[in-house]
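# Coordinates only, no sequence provided:
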């Protein structure tokens, strides 16, 4: 046990001694990407509880498609969307537009049958709407009606869901817009897709911060290395 403790202490000292130097350019870039990823995860954090929604609003949802003005927090909205789609016997789609962690606009339309739904808005429509009001993200929710919840799990995306998400993301990201997609079942939301534009929380901002911190002191350098590795 004594030799183990001595060996561990030597390993720690060796690590500290070899990581008092400033980060290299590639190490600064890796740390910046890591910090950006963590910040994005914190930004898109959602409540996982089920919500009771306005029953009258739910009854008035326009099957042929309609825009609705809202004032919802990003954190709460996926649970609100799942509540609106709960118990629906046909597939529906909800498209929400987000900026500054607020949802101020959404679109809803009903599918033609129980097995599929498509937005009545094209991806170019979504880009135009988002750019007009400087929305950062488009969030798409749809439900999978479940005829027997005790035997079937309909919370997973279909291959078509994943294919269309990638196609939408390609165009939205090029337009500077994030895309997040969810399946809703029995009042719960299940995120299955997210791709973020390079313009959202750009890596250059994180890299600038790291560069300003790098090389200021040996202990500061060690802290940066620890953040990069662990």
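Done, it's in. The structure presented is a predicted model; accordingly, all values stated were derived computationally and were not measured.
# What segments of the protein are strands?
For the chain, strands defined by DSSP state E occupy the ranges 66-73, 92-99, 102-110, 137-143, 178-185, 188-195.
# Pull the distance from the longest helix seen in the chain to the chain's centre.
Across the chain, the helix with the greatest residue count (assigned by DSSP state H) is helix 25-43. The offset between the C-alpha centroid of helix 25-43 and the centroid of the whole chain comes to 16 Å, using C-alpha atoms, centre = their mean, to the nearest Å.
# That one packs against which elements?
Helices and strands touching helix 25-43, as assessed by 3 or more C-beta pairs under 8 Å, 6 or more residues apart in numbering; DSSP states H and E, comprise helix 203-213, helix 218-229. C-beta coordinates here come from the backbone N, C-alpha and C atoms, glycine included.
# could these go into a markdown table alongside mean neighbour count?
Conversion of these to a markdown table gives the following (neighbours: other C-beta atoms under 10 Å):
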| stretch | mean neighbour count |
| --- | --- |
| helix 203-213 | 15 |
| helix 218-229 | 15 |
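# still on that earlier bit, would you mind pulling the contact partners of the longest helix of the chain?
Under the contact criterion C-beta atoms under 8 Å, 6 or more residues apart in numbering, helix 25-43 has outside partners 23, 74, 101, 196, 200-201, 203, 206-207, 209-211, 214, 224-225, 227-228.
# in that helix, what's buried?
Counting neighbours by 16 or more other C-beta atoms under 10 Å, one finds that the buried residues in helix 25-43 are 27, 28, 31, 32, 35, 36, 43.
# so where's this structure uncertain?
In the predicted model, the chain carries pLDDT under 70 at residues 3-4, 7, 113-116, 147-151.
# domain ranges for it?
As given by automatic domain parsing, the domain ranges for the chain are 2-42+203-229, 48-195.
# Point out the most buried one among those.
Each of the domains of the chain was assessed for mean neighbour count using mean count of other C-beta atoms under 10 Å. The highest is domain 48-195, with a mean of 17.
# now do the same end-to-end measure for that domain.
Distance between the two ends of domain 48-195: 21 Å, counting by C-alpha to C-alpha, to the nearest Å.
# try stretch 61-72
The separation between the terminal residues of stretch 61-72, taken as C-alpha to C-alpha, is 17 Å.
# ditto for stretch 50-63
For stretch 50-63, by C-alpha to C-alpha, the gap between its terminal residues amounts to 24 Å.
# Residues contacting it, please?
Residues external to stretch 50-63 that are found in contact with it (C-beta under 8 Å, 6+ apart): 76, 79-80, 82-84, 86, 92, 108-110, 187-188.
# which of those residues sit farthest apart?
Farthest apart among the contacts of stretch 50-63 by C-beta to C-beta are 76 and 110. That separation is 23.5 Å.
# ok, residue 130 - contacts?
Applying C-beta under 8 Å, 6+ apart to residue 130 gives the contacts 97, 136, 138, 172, 175, 177.
# ok, those residues vs residue 157, which is closest?
Using C-beta to C-beta, the shortest approach to residue 157 within the contacts of residue 130 belongs to residue 138, at 16.5 Å.
# which residues touch the closest one?
95, 96, 97, 98, 126, 130, 168, 172, 177, 178, 179, 180.
# Tell me the spacing between it and residue 86.
Separation of residue 138 from residue 86 (C-beta to C-beta, to the nearest Å): 22 Å.
# same thing with residue 196?
Shown here: residue 196 relative to residue 86, a distance of 28 Å by C-beta to C-beta.
# and what of residue 134?
Between residue 134 and residue 86 the distance is 32 Å, computed by C-beta to C-beta.
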